[in-house]
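Engineer: next come a sequence and a model predicted from it.
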Amino acid sequence: MMNWRVAAFVSLFGIVMMTEGQAPPKNPVGHGPDVVAAGRVAFNRTCTACHGVDGGEGERAPALVGDRRFFRLSEGALYDTIENGIPGTSMMAMGKAMDDKDVWRIVVFIRAMRGSASDTDVAGNIENGKEIFLGKGGCAQCHAIQGKGGTIGPDLSNVGAQMTLKHLRESLTTDTPITTGFRPVTVVLANGQTLKGVAKNEDAFSLQLLDYDNHLHLIDKANVRQEDEGTKSLMPHDYDKKLSKDEFQDLLAMLAKQTRDGGRKRIEGDGEVGR
């Protein structure tokens, strides 16, 4: 049998060849969050014999979420692949096994999960999400948007374009590895002064430490008495618990619309953050 990694390449080539010169079919179900949710159900009911749950890697087929080879495939190309299969691979035609609208729902789900969050229709009140970011969520203490907020955490001005919606949601709810440049560290200097923050850059001779008051310290390692590294990220991962369901969804919707390209108002302004 053909290795599924080889089959994935063949599938990609086949998708392009089959759709070239053909009028793309039209999506009859839309792109709303209810369609994405229904597509997820249909995918996990129908496709996980080969692919993994929620589009992850399976025993007989590649991951459909997060694989950059499939990132820019059109809706029509994905629909054709699911409906008709790919000859010569393990990707069978599913058109006769499922309702046509379910095929489209799966297409919308796959694209929503692997496309950027900003390209996905995310339910929620963006204006209220801004208030959660600045207030109850405490996000602005560490993160900045459009130059406003803290610097101890990553800048989120473009987070909607940089992450998929799935990744964005997981970053708020699931423990993740510490990102380079944001490792917590406590340093005791030779004079007894203690500094706490994140290590921005470090080598055998020096350390750049950004403290919790957003002050950058350039430290000579010769003046360090003790250095302790944190093992857990400073980023809370329980926003789905500390916020109500609606508050969490509003925060997610606001963050999903953060991109640097055109049409956004600053978070400190009077209008909503979003398009």
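Structural biologist: That came in fine, so what should we check first? Residues are numbered from 1 along each chain as shown.

Engineer: who touches Ile182 in this structure?
Structural biologist: Wrong residue type there; residue 182 is Phe, not Ile. By C-beta atoms under 8 Å, 6 or more residues apart in numbering, the contact set of Phe182 is Ile152, Gly153, Pro154, Val198, Ser233, Leu234. C-beta coordinates here come from the backbone N, C-alpha and C atoms, glycine included.

Engineer: go again with 10 Å.
Structural biologist: Contact analysis of Phe182 by C-beta atoms under 10 Å, 6 or more residues apart in numbering lists 142, 152-154, 197-200, 210, 230, 233-235.

Engineer: just those: which are in strands?
Structural biologist: Among those, the ones falling in strands (DSSP state E) are Gly197, Val198, Ala199, Lys200, Leu210.

Engineer: dump the residues you listed into a markdown table; add pLDDT, distance to Arg105 and neighbour count as well.
Structural biologist: Shown next, in a markdown table, are these (pLDDT from 0 to 100; distance: C-beta to C-beta, whole Å; neighbours: other C-beta atoms under 10 Å):
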| residue | pLDDT | distance to Arg105 | neighbour count |
| --- | --- | --- | --- |
| Gly197 | 94 | 46 | 23 |
| Val198 | 94 | 42 | 23 |
| Ala199 | 93 | 45 | 21 |
| Lys200 | 91 | 44 | 18 |
| Leu210 | 93 | 45 | 21 |
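
Engineer: take the residues you listed and lay them out in CSV including distance to Arg111.
Structural biologist: Formatted as CSV, the ones in strands among the contacts of Phe182 follow (distance: C-beta to C-beta, whole Å):
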residue, distance to Arg111
Gly197, 40
Val198, 35
Ala199, 38
Lys200, 36
Leu210, 37
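
Engineer: what kind of secondary structure is Asp228 in?
Structural biologist: strand (DSSP: H, G, I helix; E, B strand; the rest coil).

Engineer: give me phi/psi at the closest residue to it other than its chain neighbours?
Structural biologist: Distances taken as C-beta to C-beta, 6 or more residues apart in numbering put Thr186 closest to Asp228, at 4.6 Å, once the chain neighbours are dropped. Backbone torsions for Thr186, taken as degrees, to the nearest 10, come to phi -120, psi 130.

Engineer: what segments of this structure are helices?
Structural biologist: Using DSSP state H, the helices of the chain run over 4-19, 33-46, 75-84, 100-114, 126-134, 159-162, 165-173, 239-242, 245-256.
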